[in-house]
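Student: pasting the sequence and the predicted model now:
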Amino acid sequence: MRKPIIAGNWKMNKTISEAKDLVTGVIGKLADKEDVEVVFCPPFTALATVKELIKETPFGLGAQDLYWQEKGAFTGEVSPLMLKDLGCDYVIIGHSERREHFGETDETVNLKIKAALAADLKPIVCVGESLAQREAGETAELIKKQTEAALAGLASEVIAKIVIAYEPIWAIGTGRSATSADANEVIGLIRKTIAALYDQAVADQVRIQYGGSVKPVNVTEYMNQSEIDGALVGGASLEVDSFVKLVEY
Ligand code: PGA
């Protein structure tokens, strides 16, 4: 059985005091939630604060990016060891905003996944097609290619530690979400791709989330799909009530 995982990707939002308010509010309402794994992914600047607040709880902590080197002359970057040192459990890798605005490629995504795993951080790896790619009928091919490139060179023993988030780019922050059937189909394809690279038993262990305008009103529909194991949530993770409702789908 794969344990569902709901992660809040705060993106570049929340000062330290705002982070405290949000996390304290969520913990107050969900402290004994054990059937779903809940992960906060605040900006780097709020990681330590959030860690302090969740340390006696089952909530997880994730960063939104990392660099693949352990240390050195890489001004502005944050290493896997630094994130581990802060108490992170997860790290989002290859979000479409990073691919689009910060030059992330399938190759850098692969390097970052390897570096995260080497530091004992669990990657949440994002894949997803643009609207033009969907309309051109390229979704299946692109998702397969992104998944294969992300996992290139990884041994089968580490694959179960990886979470994959299928996030169609046209659905992110737009209010226009993929239908649950479409999301389930693409996620099934990701699982098939993993089964072809490794085997079915490995593929069956990997949790695959849907992301893209997930809200309290549509989360249950996604979670009821056979292939969907959770959600990566942006906008709706920024308010206590909407995030709590999501987790209580
Ligand atoms: P959204 O963002 O929920 O605001 O659409 C999802 C994401 O980018 O992870």
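Tutor: Structure's in. What do you need?
Student: grab the longest helix from this protein for me.
Tutor: With secondary structure taken from DSSP state H, the chain has its longest helix at helix 180-197.
Student: is the ligand contacted by that helix?
Tutor: No - Helix 180-197 is not in contact with the ligand by CB under 6 Å from any ligand atom; minimum separation 12.6 Å. Quick note: C-beta positions are derived from backbone N, CA and C, even for glycine.
Student: now Ala132: how far from Lys14?
Tutor: Distance of Ala132 to Lys14, given as CB to CB, to the nearest Å: 32 Å.
Student: more neighbours: which of these two?
Tutor: Per other CB atoms under 10 Å, whichever of Ala132 and Lys14 has more neighbours is Lys14, with 21 against 10.
Student: in what helix or strand does the more buried one lie?
Tutor: Counting by DSSP states H and E, there is no helix or strand that carries Lys14.
Student: neighbours of whatever residue of the chain ends up closest to the ligand, how many?
Tutor: Of all residues in the chain, Gly234 sits closest to the ligand, at 2.4 Å by CB to the nearest ligand atom. Applying other CB under 10 Å, we find 21 other residues in the vicinity of Gly234.
Student: ok, it - contacts?
Tutor: Neighbouring residues of Gly234 by CB atoms under 8 Å, 6 or more residues apart in numbering: Asn9, Trp10, Lys11, Ile172, Gly173, Gly211.
Student: of these, closest to Ala155?
Tutor: Gly211 (26.6 Å; CB to CB).
Student: read off the pLDDT value for the closest one.
Tutor: With respect to pLDDT, Gly211 scores 97.
Student: quick one: contacts for it?
Tutor: Applying CB under 8 Å, 6+ apart to Gly211 gives the contacts Asn9, Cys126, Gly128, Ala165, Tyr166, Glu167, Ala171, Ile172, Ala231, Leu232, Val233, Gly234.
Student: reformat the residues you listed as JSON lines; add distance to Asp199, pLDDT and secondary structure.
Tutor: Supplementary listing: these in JSON lines, determined by distance: CB to CB, whole Å; pLDDT from 0 to 100; DSSP: H, G, I helix; E, B strand; the rest coil:
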{"residue": "Asn9", "distance to Asp199": "31", "pLDDT": "98", "secondary structure": "strand"}
{"residue": "Cys126", "distance to Asp199": "24", "pLDDT": "98", "secondary structure": "strand"}
{"residue": "Gly128", "distance to Asp199": "25", "pLDDT": "98", "secondary structure": "coil"}
{"residue": "Ala165", "distance to Asp199": "23", "pLDDT": "98", "secondary structure": "strand"}
{"residue": "Tyr166", "distance to Asp199": "21", "pLDDT": "98", "secondary structure": "strand"}
{"residue": "Glu167", "distance to Asp199": "26", "pLDDT": "98", "secondary structure": "coil"}
{"residue": "Ala171", "distance to Asp199": "31", "pLDDT": "95", "secondary structure": "helix"}
{"residue": "Ile172", "distance to Asp199": "32", "pLDDT": "93", "secondary structure": "coil"}
{"residue": "Ala231", "distance to Asp199": "27", "pLDDT": "98", "secondary structure": "strand"}
{"residue": "Leu232", "distance to Asp199": "26", "pLDDT": "98", "secondary structure": "strand"}
{"residue": "Val233", "distance to Asp199": "31", "pLDDT": "98", "secondary structure": "strand"}
{"residue": "Gly234", "distance to Asp199": "33", "pLDDT": "98", "secondary structure": "coil"}
